[in-house]
Every structure is written in structure tokens, then in C-alpha cells.
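Colleague: When you get a sec, could you give me coordinates for this:
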Amino acid sequence: MNKFICKPLLVYEKANFICRTKVIWKVLANIQVNHTAVPKQELPDGINLDQFYKNIKTQILANTDSKTYLIEEKEEVFQSYPAKRLVYHTTEEGWKNFVYTILFFEANGSFYRITTGANEEILKEAQEELQGIVDSFQFIKK
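Modeller: Numbers count the residues shown, from 1 in each chain. Below you'll find the model as predicted:
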């Protein structure tokens, strides 16, 4: 069995991955990193990465509690896995404007989402750290 871990600070057994997290603590209120693993057996038969991605994208853009719009979407490769990247801007009443990036990919029988985000005011300076965190994710053998 594989697992994904965030090191050196956190271990996420359920999500099966490793990432570097210490940079998050500097400005925790303004930078967010999250991950989700959804085993394919928990979804209807035949769901592929495109369908999984489109479903989540539709939910995000249809959110009526916030003003959300698409900035960018593209296909890429993440650690040798075909992946999709979604970048969007959102504003919720009473909150700062945030820009989120979600990387979607399929590996080891699950669909993964790695979400990073920062408020618009610090996005440019946080972008390198956020990408460093995403790049540090790696599968390991348990």
C-alpha cells in the first residue's frame, strides 16, 4: 500500500501522500493547502478523471454563496500522472478575495485534489511557496 505524507510536520495516512508543510505556518490565516483523496470504488462505475474534474469545477463555479469566476484551466503532468489544473477567484461576503488552484489527478485507484490558495493581497509573494508545497508531494511505499 502507498501513502502520501506531508513532512516534516504532518502525516496524512488516509490521503496517502507526502508534502512539505512548514511554510504554511508563517501566514496561516492567508495561505491554505488542502488535499482530498476519493477512492474510485466510492464513485459510480466508469467515472474518469475528466468527469471527476468537471463535476467539481461545476460545483465550485455554481456556488451561490460567493462570487466565483474561472481564471485558468489546463492539462499537465503531475509526478508522471495526467493532471488537470483549475485556478479560480472567489469572494465571499465579509471575507478577503482569494485565488485557489486545484490540481486533480488519478493514482492508485483514487482521484486526488491538491488545493492551494492565498488571499489576493499576498498571492504573488505566496505563489512560489505554494508551488513548492505542491511539488513536494510524493507517493511512498508503506
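Colleague: what sits against residue 43?
Modeller: Residues in contact with residue 43, defined by CB atoms under 8 Å, 6 or more residues apart in numbering, are 52, 111. Placement of C-beta: from N, CA and C, glycine included.
Colleague: for residue 66, same thing?
Modeller: By CB under 8 Å, 6+ apart, residue 66 lies in contact with 90, 91, 92, 93.
Colleague: For residue 104, see how far away the residue nearest to the third one when sequence neighbours are not counted is.
Modeller: Closest residue to residue 92 in three dimensions, ignoring its sequence neighbours and counting by CB to CB, 6 or more residues apart in numbering: residue 66, at 4.3 Å. Applying CB to CB, to the nearest Å, one obtains 20 Å for the distance of residue 66 from residue 104.
Colleague: what's the answer for residue 117, then?
Modeller: Relative to residue 104, residue 117 is positioned 15 Å away (CB to CB).
Colleague: same deal with residue 68?
Modeller: Distance of residue 68 to residue 104, computed by CB to CB: 17 Å.
Colleague: re the thing from before, just the buried ones out of the contacts of residue 66, please.
Modeller: residue 90 (16 or more other CB atoms under 10 Å).
Colleague: looking at this, residue 133 is in a helix?
Modeller: Yes - under DSSP: H, G, I helix; E, B strand; the rest coil, residue 133 sits within a helix.
Colleague: correct me, but it touches residue 116?
Modeller: Yes - Residue 133 is within contact range of residue 116, at 6.7 Å (criterion: CB atoms under 8 Å).
Colleague: quick one, which of the two is more surrounded?
Modeller: The neighbour comparison of residue 133 against residue 116 (other CB atoms under 10 Å) goes to residue 116, with 23 against 20.
Colleague: May I have the helix or strand hosting that one as PDB, with CA atoms only?
Modeller: For residue 116, the host element (DSSP states H and E) is strand 110-119. Taking Å, rounded to 0.1, in the frame of the first residue of the first chain, the C-alpha atoms of strand 110-119 are listed here in PDB:
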ATOM      1  CA  SER A 110      -8.200   7.200  -6.200                       C
ATOM      2  CA  PHE A 111      -8.800  10.600  -7.500                       C
ATOM      3  CA  TYR A 112      -6.700  13.300  -5.700                       C
ATOM      4  CA  ARG A 113      -7.200  17.000  -5.300                       C
ATOM      5  CA  ILE A 114      -4.500  19.200  -4.000                       C
ATOM      6  CA  THR A 115      -5.800  22.700  -3.300                       C
ATOM      7  CA  THR A 116      -3.700  25.800  -2.600                       C
ATOM      8  CA  GLY A 117      -5.000  29.300  -2.100                       C
ATOM      9  CA  ALA A 118      -4.000  32.700  -0.800                       C
ATOM     10  CA  ASN A 119      -5.700  35.900  -0.400                       C
END
